[in-house]
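# Here is a sequence with its predicted model. Questions after.
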Amino acid sequence: MNNQELMHGKVKTLYDTGDAEKVLIKYEDKVTAFDGKMVDYPDGKGKVCCLISALLFEKLSAAGIRTHYLDLPSLNTMLCRRLTIVPVEVICRNIAAGSLVKNTDGLKEGQLLQPPIVEFFLKDDAKGDPLLTEDRVRLMGVDPEPLKEQALMVNGQLQVLFTLLGFDLVDFKLEFGYDGHGDLYLADELSPDSMRLWKKGTQERFDKDLFRKDEGDIVTAYKHILTQLRQFA
Ligand code: 5GP
């Protein structure tokens, strides 16, 4: 790509577009876990995550949720609104798994969480992305309320969609950003790299846990999700 590189993330690269309000985001054939300590470069991974993200952003936009997604100039590159990213990872959970089970007591993996819960983590690999309280989010100058409200709206939409496809949406991570007018948008990506998807009623994984636990090929699993999504698009 000839555009000037603005930022190199763990699995995505940001490029200038010459338009102050837009950026290009290239999804790389790369997967990381445990704050970048585990890395692999699976062929076709950037493309499948980009295509799933585009499809899900389009679904959410159609439901009135503001997202940074604008266009798909190539199969692994998105044109997006330029935002100032809030350094908080917003996690929404419908079923207990991952760090929730590890860092609490009395919760079993697979246990239904009713109502769903929303948590905040600091977006800072060097600090190990620690869990934040809502008060700490406020002390960082960020209002947690709109983040929580948006996360629950996204959850409502995605849960319906994945249920139709025969999957349980266990949990997912969202990132948000503000544009130059102070409007909040959903940012980053929405793919099985940042969500847990289990085949309905089972704990068969179709997400990044396959990589984290070395239990299977993520590109094959992600392609299956994309195929299913396309049938409903
Ligand atoms: P947990 O807190 O259980 O590790 O993660 C909860 C959900 O958020 C999972 O779906 C996980 O994939 C996603 N998640 C949490 N942190 C990150 C992160 O730093 N990057 C990505 N891609 N996903 C994350």
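Sure thing, it's come through.
# and the chain, which of its residues are near the ligand?
Within reach of the ligand by C-beta under 6 Å from any ligand atom, the chain has these residues: 89, 91, 97-100, 129, 171-173, 193-196, 208. Just so you know, the C-beta spots here come from the backbone N, C-alpha and C atoms, and that holds for glycine as well.
# So for the longest strand seen in the chain, what gets flagged as buried?
Ordering each strand of the chain by length in residues (DSSP state E) puts strand 112-122 first. When burial is assessed from 16 or more other C-beta atoms under 10 Å, strand 112-122 yields the following buried residues: 113, 116, 117, 118, 119, 120, 121, 122.
# That one - contacts with which helices or strands?
Applying 3 or more C-beta pairs under 8 Å, 6 or more residues apart in numbering; DSSP states H and E, one finds that strand 112-122 contacts strand 88-95, strand 131-132, helix 134-139, helix 144-165.
# Okay, now the sheet partners of that strand, with direction.
strand 88-95 (antiparallel), strand 131-132 (antiparallel) (DSSP bridges).
# Contacts only, for residue 54.
69, 72, 78 (C-beta atoms under 8 Å, 6 or more residues apart in numbering).
# which among these end up buried?
Counted by 16+ other C-beta under 10 Å, the contacts of residue 54 give 69, 72, 78 as buried.
# From these, which land in strands?
Using DSSP E, the subset of these located in strands is 69, 72, 78.
# element containing the closest residue to the first one other than its chain neighbours, please.
The spatial neighbour of residue 69 that comes closest, neighbours along the chain excluded (C-beta to C-beta, 6 or more residues apart in numbering), is residue 57 at 3.5 Å. Element membership for residue 57, per DSSP states H and E: helix 45-62.
# Tell me what angle that helix forms with helix 144-165.
Interaxial angle of helix 45-62 relative to helix 144-165 (axes from the mean of the first three to the mean of the last three C-alpha atoms, to 10 degrees): 110 degrees.
# Please point out which parts of helix 45-62 sit buried.
45-57, 59-60.
# separation between whatever residue of the chain ends up closest to the ligand and residue 213?
For the chain and the ligand, the shortest gap (C-beta to the nearest ligand atom) falls at residue 98, measuring 2.1 Å. Separation of residue 98 from residue 213 (C-beta to C-beta, to the nearest Å): 11 Å.
# Out of those two, name the residue with the larger neighbour count.
Between residue 98 and residue 213, counting by other C-beta atoms under 10 Å, residue 98 is the more crowded of the two (15 against 10).
# Surely that one is in contact with residue 205?
No: using C-beta atoms under 8 Å, residue 98 is not in contact with residue 205, being 11.4 Å away.
# ok so, going back, grab the two from the residues of the chain next to the ligand that are most spread out in space.
Of all pairs drawn from those, the greatest distance, 18.6 Å, lies between 100 and 193 (C-beta to C-beta).
# higher neighbour count, these two?
Using other C-beta under 10 Å, the more surrounded residue of residue 100 and residue 193 is residue 193, with 23 against 20.
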